[in-house]
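Asks: sequence first, predicted model second:
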Amino acid sequence: MYQPAPSQAPGTALRQVYIQPLIDTARFNDFHRSILGWCFLILVLDGYDLGVVGAALPAIMKQMGVTATTAGFMASSALFGMMLGAMFFGALADKLGRRTMLALCITLFSACTAGAGLTHEPLSFSMARFVAGLGIGGVLPIAAAQMGEFSPASIRARLVALVFAGYAVGGVLVAVIGKQLISDYGWQSTFFVAALPLLLIPFMLKALPESAPFLVQRGRNQDLRRLAARIAPDQPIAADAQFVLAAVDRHSKAPVLELFREGRGFSTLMIWIAFFFGLFMVYALSSWLTKLLALAGYSLGSALNFVLIFNTGAILGAVGGAWLGDKFNIKTVLTCLYGLGAVSLALLGFIKSDALLSVAVFIVGASTLGTQLVAYAFAAAFYPASIRSTGVGFASGVGRAGGILAPIMIGAIVALNLPLEQNFLAIGLAGLLGMIAVALVDQGRGASLTPAGSAAASA
């Protein structure tokens, strides 16, 4: 329960409200369920849009008559867009409002993915996917910031990770429905489905709240009163109440520079490095896991089953890791997850039993893609509310460079025809480096990296 100022008697209407402590100490209610549901759905759609090319690529190559090299460029065009979109729209969201930027990003990735289905040659396809990538990348930090800001402190990491589990669900959705749609209606049908989220934008704008620092900066007290009533319906707020922010949450005119102020600079760089190596592992596996398992002697069908096991492990790893982060310390948990990813990947190439390999792939999913989903919760907790979208956006954007580099580097290693174990060791090395980067983050500079510290930092 929110604790009023010392001069304010408990149970009486509050006249001065520090909005972030009110959020931190609120009980989970329908308001939080609404944000969780919408952000989760948005990430499912986002994950679908990113994964749809992988499912359709063989059919696209056949119809357009392109080589594997050209197809690789076509597939990676969205990743370049994601890198720029995460940084650009994440920063804009802190200045212009998260709801507006979410609507714009959804419009971009839905319309341009559907538009890619109308193309007939590689260049126009790649251009459409690049613009779609701007929206796909922009949604990630904004959704993390939205859920992170409005979550009660005691379950913040869990809720942010649940949102990002939607990203993996979107990838599973592609695998489940893509094959049927492509065989019955052609590869274009999977892209046209991506236009459906456009119908949801008006409902999303009505349901999602605007950021509290954004509202306070613009003096929108009536909107803040309505917001406070939804956050803590049992807490009376005076009609003339003034809403204020702690110094750490006050809006900056230059949110990017704020990532390096008040002693956050070194930790910001470490978070960027951790994201780089985390996304390196994720995209190395998403691009090459099936091929590496095929090199180990498994059929395509068996390899795809392992991919489903990998994604299931990712979802459970994200939720389980975030639960541990809420109960203990999210930095410690994340450090351990990176380490587990490095060890499990190193062992993957040595396992010969199918049953043990299934278990190992599950653990790899939990400790690579699952780790990266927890990393978003970690970054969302580290930065103050006023620069949260910017902080997560730049970490995601810089990290995306690792995602772009990974398929190229692992492809070059595979081409050397080294023993299978060494391919997995190369990917596992990224987990070790990510673990070191997280361990070096200065937790004392974070806004709310521990359950107990969140309210205190904002009070």
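Replies: Arrived safely. Numbers count the residues shown, from 1 in each chain.

Asks: who touches stretch 66-83?
Replies: 50, 53-54, 57, 60-61, 122, 125-127, 129-137, 140, 283, 396-398, 400-401, 403-404, 407 (C-beta atoms under 8 Å, 6 or more residues apart in numbering). (Glycine included, C-beta is placed from N, CA and C.)

Asks: any chance you could map the strands in the stretch 151-300 of the chain?
Replies: Taking DSSP state E, counting those that start in this stretch, the strands of the stretch 151-300 of the chain run over residues 237-244.

Asks: sketch out the low-pLDDT regions of it for me.
Replies: 179, 245-255, 287, 290-291, 299-300 (pLDDT under 70).

Asks: returning to what we had before: for ChimeraX, what selects the buried ones among the contacts of stretch 66-83?
Replies: The ChimeraX command for the buried members of the contacts of stretch 66-83 (criterion: 16 or more other C-beta atoms under 10 Å) is given here:
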select :50,53,54,57,60,61,122,125,126,127,129,130,131,132,133,134,135,136,137,140,283,396,397,398,400,401,403,404,407
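
Asks: just the contacts of stretch 66-83: which are in helices?
Replies: Among those, DSSP state H puts 50, 53-54, 57, 60-61, 122, 125-127, 129-137, 140, 283, 396-398, 400-401, 403-404, 407 in helices.

Asks: surely Gly90 and Arg400 touch.
Replies: No - in this structure, Gly90 is not within contact of Arg400 by C-beta atoms under 8 Å, at 11.7 Å.

Asks: buried residues in stretch 326-335, which are they?
Replies: So for stretch 326-335, counting by 16+ other C-beta under 10 Å, buried means Asp326, Asn329, Ile330, Lys331, Thr332, Val333, Leu334, Thr335.

Asks: residues in contact with the nearest residue to Leu181 once chain neighbours are set aside?
Replies: Nearest non-adjacent residue to Leu181, counting by C-beta to C-beta, 6 or more residues apart in numbering: Ser189, 4.6 Å away. The contact partners of Ser189, taken as C-beta under 8 Å, 6+ apart, are Gly117, Leu181, Ile182.

Asks: please name the nearest non-neighbouring residue to Tyr167.
Replies: That would be Gly47: by C-beta to C-beta, 6+ apart, it lies 4.1 Å from Tyr167.

Asks: the one you found reaches Gly171, doesn't it?
Replies: Yes - here Gly47 reaches Gly171: they are 5.0 Å apart, a contact under C-beta under 8 Å.

Asks: and stretch 362-378, what's its mean pLDDT?
Replies: The pLDDT scores in stretch 362-378 average 86.

Asks: do stretch 25-36 as well
Replies: 92.

Asks: for the closest residue to Ala55 other than its chain neighbours, the count of nearby residues, please.
Replies: In this structure, Ala55 finds its nearest non-sequential neighbour in Gly178, 3.5 Å apart by C-beta to C-beta, 6+ apart. Applying other C-beta atoms under 10 Å, we find 21 residues neighbouring Gly178.

Asks: residues contacting Gly178?
Replies: So Gly178 contacts Val52, Ala55, Ala56, Thr190 (C-beta under 8 Å, 6+ apart).

Asks: which residues touch the first one?
Replies: When contacts are counted by C-beta under 8 Å, 6+ apart, Val52 is found next to Thr113, Val174, Gly178, Thr190, Phe191, Ala194.

Asks: next one: it from Ala75, what distance?
Replies: 11 Å (C-beta to C-beta, to the nearest Å).

Asks: coming back round to it: mind putting the contacts of Ser189 into a markdown table with neighbour count?
Replies: Converted to a markdown table, the contacts of Ser189 look like this (neighbours: other C-beta atoms under 10 Å):
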| residue | neighbour count |
| --- | --- |
| Gly117 | 21 |
| Leu181 | 20 |
| Ile182 | 18 |
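
Asks: which one among the residues you listed gets closest to Leu357?
Replies: Ile182 (28.4 Å; C-beta to C-beta).
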